[in-house]
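Chemist: Give me the fold of what follows.
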Amino acid sequence: MNASLGRRVAAETVGTGLLVAVVVGSGIQATELSRDVGVQLLANSLATVFGLGVLILLLGPVSGAHFNPVVTLAAWFTGRRTPGGPALRDVVAYVPAQILGAIGGAVLADAMFAEPMVRFSTHERSAGHLWLGEVVATAGLILLILGLNRIGRAALAPAAVASYIGAAYWFTSSTSFANPAVTIGRAFTDTFAGIAPASVTAFIAAQLVGGALGLGIVAMVYGTRPVPARPEASAPPAEPELASS
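Modeler: Numbers count the residues shown, from 1 in each chain. Below you'll find the predicted structure:
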């Protein structure tokens, strides 16, 4: 990376914050415009797809557009022996920045819609099938991101990752949080996209399991050897979010 660590951390903070603002804000807007839960989820997922794709495209060249501690850990683990790969200090700097950005994004979204700026969610999401959904969503995300890098298609990450997250909203029982930072941020809003603080720990545990599973699948499919840097990858394995959602 050519950008300084400070600039990269700023990009991760801003990117994660805007991602959560998109997720939470579109959820609030959807519930104000429709009482149909299916329509609400559709609006929420479409806004997330478009917002995430733009954020990855914009900030990927600066920080890699991780916006997700699991992605950052996976990037470090797979690239630690590769010249130019993320260093441990990047992990230590990125993860708190992502969490703080996510909380700030939730507060910002609430403020924009005249909701209480900080009100913890009462939306309980505690069930085995939801945790399984998070394992599947996160494993698929890691497989996609690292797989694109392995086959030399990292430039497709903005569209591919956003599309995957949009699909995972619908094919996973948990609506695909797949991101510990976003999960924490969404606990700070008692709106459509919220998650009760009591449900956060189990979700994060499932996401970490999913991340490890994704790494295992990548090793099984593509092998464990380090991948040479590719011209189209402007960041350590171009691993964007979110995203989750």
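Chemist: Residue ranges in the protein under the pLDDT threshold?
Modeler: Along the chain, the parts satisfying pLDDT under 70 run over 1, 225-245.
Chemist: Hmm, Gly15 and Ala181 touching each other?
Modeler: No. In terms of CB atoms under 8 Å, Ala181 does not count as a neighbour of Gly15; the distance is 10.5 Å. The way it works is simple: take the backbone N, C-alpha and C, and place the C-beta from them, glycine included.
Chemist: Overlap in contacts, the two.
Modeler: Listed contacts common to Ala181 and Gly15 are 67, 101; contacts here mean CB atoms under 8 Å, 6 or more residues apart in numbering.
Chemist: List the contacts of stretch 17-27.
Modeler: Identification of contacts with stretch 17-27 by CB under 8 Å, 6+ apart yields 40, 43-44, 46-48, 51-52, 55, 67, 101-106, 108-110, 112-113, 182, 185-186, 189, 191-194, 241-245.
Chemist: filter the residues you listed to the buried ones?
Modeler: Of the members of the contacts of stretch 17-27, the ones counted as buried by neighbours, 16 or more other CB atoms under 10 Å, are 40, 43-44, 47-48, 51-52, 55, 67, 101-106, 108-110, 182, 185-186, 189, 191-194, 241-245.
Chemist: distance between stretch 177-184 and the chain's centre?
Modeler: Centroid separation between stretch 177-184 and its chain, computed with CA atoms, centre = their mean, to the nearest Å, is 7 Å.
Chemist: The chain should start at 31 in everything you say after this.
Modeler: With 31 as the first residue, the last one maps to stretch 207-214.
Chemist: Where helices are concerned, which of the buried ones among the contacts of stretch 47-57 count?
Modeler: Using DSSP state H, 70, 73-74, 77-78, 81-82, 85, 131-136, 138-140, 212, 215-216 are the members of the buried ones among the contacts of stretch 47-57 that sit in helices.
Chemist: can you pull the buried residues of the helix or strand Leu160 falls within?
Modeler: Under the assignment given by DSSP states H and E, the secondary-structure element containing Leu160 is helix 158-180. Within helix 158-180, the residues that qualify as buried by neighbour count (16+ other CB under 10 Å) are 160-180.
Chemist: Now the element after that helix, going C-ward?
Modeler: Proceeding N to C from helix 158-180, the next assigned helix or strand is helix 187-201, under DSSP H and E.
Chemist: just to revisit the earlier point, specify the angle between the helix holding Leu160 and helix 187-201 in degrees.
Modeler: Interaxial angle, helix 158-180 versus helix 187-201 (axes from the mean of the first three to the mean of the last three CA atoms, to 10 degrees): 160 degrees.
Chemist: What is helix 158-180 packed up against?
Modeler: Secondary structure elements in contact with helix 158-180, counted by 3 or more CB pairs under 8 Å, 6 or more residues apart in numbering; DSSP states H and E, are helix 99-109, helix 187-201, helix 227-252.
Chemist: Show me how far the second one is from its chain's centre.
Modeler: This points to helix 187-201. In this view, helix 187-201 has its centroid 11 Å away from the chain centroid, taken as CA atoms, centre = their mean.
Chemist: tell me what that helix is packed against?
Modeler: Helix 187-201 sits against helix 67-93, helix 158-180, with contacts defined as 3+ CB pairs under 8 Å, 6+ apart.
Chemist: For that helix, buried residues please.
Modeler: Going by neighbour count (16+ other CB under 10 Å), the buried part of helix 187-201 is 187-188, 190-192, 194-196, 198-199.
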